[in-house]
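J.: Take a look and give me a structure for this.
(one chain, ligands or ions: 2)
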Amino acid sequence: MPDSAVIADGLHARAAASTGSLPIRFEGIDFAVGATHILSGVELELHAGGPTVLMGPNGSGKTTLLKLAMGLLTPTAGSITFDGASHAPARARAIMFQKPVMLRRSVAANIAFALEAAGRPSSTSDIRRLLDLAHIAPLAERPARRLSGGEQQRLALARALAREPQVLFLDEPTASLDPSSTKLVEEIISQVSASGVKIVMSTHDLGQARRLAHEIVFMAGGRVVEHEPAASFFNQPATEEARRFLAGELVV
Ligand SMILES: Nc1ncnc2c1ncn2[C@@H]1O[C@H](COP(=O)(O)OP(=O)(O)O)[C@@H](O)[C@H]1O
Ligand SMILES: [Mg+2]
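T.: Ligands and ions are numbered 1, 2, ... in the order given. This is a model prediction of the structure:
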């Protein structure tokens, strides 16, 4: 078995062993700040399986939806449940943002910190496994803040995976990366997904959505407008908003 398959297998065994987080069910979700409704009436069920990709114009509520699912924000109305429970262990979920913050220490020490924060001893073999998974083993002793954008993003992925999440939320994970860094991050996302970790990610990159998505959640104006298998979304979007979005027009 190639190394990557062994690593993926290890992740899979661990993901399967943790308590259930899926499906994630959003029921009647509203999120408002003052008088501004950022999300309205969101009804959505996310199941185990391939990546769910959130698409939609800027300001449509993708980041807010991911933060709510991660538990970083509390809905103004409605409920979010994980396998039927409203208080699923947060450790079963992890999130990575577009611009991750690196700790002022080495790459390996950033991973060790993430392992300890997740409540597990930072064993050399766990650090090694995560370095390999993120293709950053040669950078282990480098100061994390000196890494390129793509390398930092891969380190952030390794840190998120240190929690051994069942669900990994990614908010525009390659938005500021060049094509070769983007390709590498996409390969890691595919491998993590194949290992049984549920990926829920936003992107504004149509090509990336076509490459990675099993299903699409299309948002506009703080509402979920479509939730479709990727093939039907791209071939036959059901709504005018999605048709215009796919055609590259601005949707307001
Ligand atoms: N804390 C906040 N206070 C006021 N407005 C916010 C807040 N967070 C987000 N918004 C607004 O809500 C809308 C949706 O934001 P966001 O979820 O970041 O959308 P997306 O990720 O799809 O671009 C935007 O118009 C944004 O300006
Ligand atoms: Mg966003």
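
J.: pLDDT below threshold where in the protein?
T.: By pLDDT under 70, the low-scoring segments of the chain are 1-19, 250-252.

J.: Helices of that one, residue ranges please.
T.: Secondary structure of the chain (DSSP state H): helices at 3-17, 62-70, 107-117, 124-133, 149-161, 179-194, 206-212, 230-235, 240-246.

J.: Figure out which of these is closest to ligand 1.
T.: helix 62-70 (3.3 Å; CB to the nearest ligand atom). Bear in mind the C-beta positions are built from the backbone N, C-alpha and C, glycine included.

J.: picking up where we left off before, now mean neighbour count and distance to Pro100 too, for the helices of the chain, in TSV please.
T.: Formatted as TSV, the helices of the chain follow (neighbours: other CB atoms under 10 Å; distance: least, CB to CB, whole Å):
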stretch	mean neighbour count	distance to Pro100
helix 3-17	15	20
helix 62-70	21	14
helix 107-117	21	10
helix 124-133	18	15
helix 149-161	24	4
helix 179-194	17	12
helix 206-212	17	18
helix 230-235	16	27
helix 240-246	18	27
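
J.: The stretch 51-200 of the chain against ligand 1: which residues are in contact?
T.: 56, 58-64 (CB under 6 Å from any ligand atom).

J.: which of those residues come close to ligand 2?
T.: Contacts with ligand 2 within these, counted by CB under 5 Å from the ion: 62-63.

J.: Which residue does the chain have closest to ligand 2?
T.: The minimum distance from the chain to ligand 2, using CB to the ion, falls at Thr63 (3.2 Å).

J.: Now do the same contact list for that residue.
T.: 171, 202 (CB atoms under 8 Å, 6 or more residues apart in numbering).

J.: Equivalent analysis for Asp205, please.
T.: Asp205 is in contact with 174-175, 182, counting by CB under 8 Å, 6+ apart.

J.: Let me have the residues you listed in TSV, extended by distance to Glu45.
T.: Formatted as TSV, those follow (distance: CB to CB, whole Å):
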residue	distance to Glu45
Thr174	27
Ala175	27
Thr182	29
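
J.: Would you check that Met96 makes contact with Leu168?
T.: Yes - in this structure, Met96 is within contact of Leu168 by CB atoms under 8 Å, at 7.3 Å.

J.: who has more neighbours, these two?
T.: The neighbour comparison of Met96 against Leu168 (other CB atoms under 10 Å) goes to Leu168, with 24 against 21.

J.: From Arg223, how far off is the more buried one?
T.: As judged by CB to CB, to the nearest Å, Leu168 and Arg223 stand 25 Å apart.

J.: Same check on Gln152?
T.: For Gln152, the distance to Arg223 equals 33 Å [CB to CB].

J.: Ser180 too?
T.: Counting by CB to CB, the gap from Ser180 to Arg223 is 36 Å.

J.: Same check on Gly56?
T.: Applying CB to CB to Gly56 and Arg223 gives a distance of 9 Å.

J.: who's more crowded, those two?
T.: Set Gly56 next to Arg223 and count neighbours by other CB under 10 Å: Gly56 wins out with 26 against 17.

J.: any idea what sits nearest that one, other than its immediate chain neighbours?
T.: Met219 (3.6 Å; CB to CB, 6 or more residues apart in numbering).

J.: Now for that neighbour, how many residues are close by?
T.: 28.

J.: a markdown table please, covering the helices of the chain and showing distance to Ser40.
T.: Shown next, in a markdown table, are the helices of the chain (distance: least, CB to CB, whole Å):
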| stretch | distance to Ser40 |
| --- | --- |
| helix 3-17 | 33 |
| helix 62-70 | 11 |
| helix 107-117 | 35 |
| helix 124-133 | 38 |
| helix 149-161 | 29 |
| helix 179-194 | 30 |
| helix 206-212 | 24 |
| helix 230-235 | 21 |
| helix 240-246 | 15 |
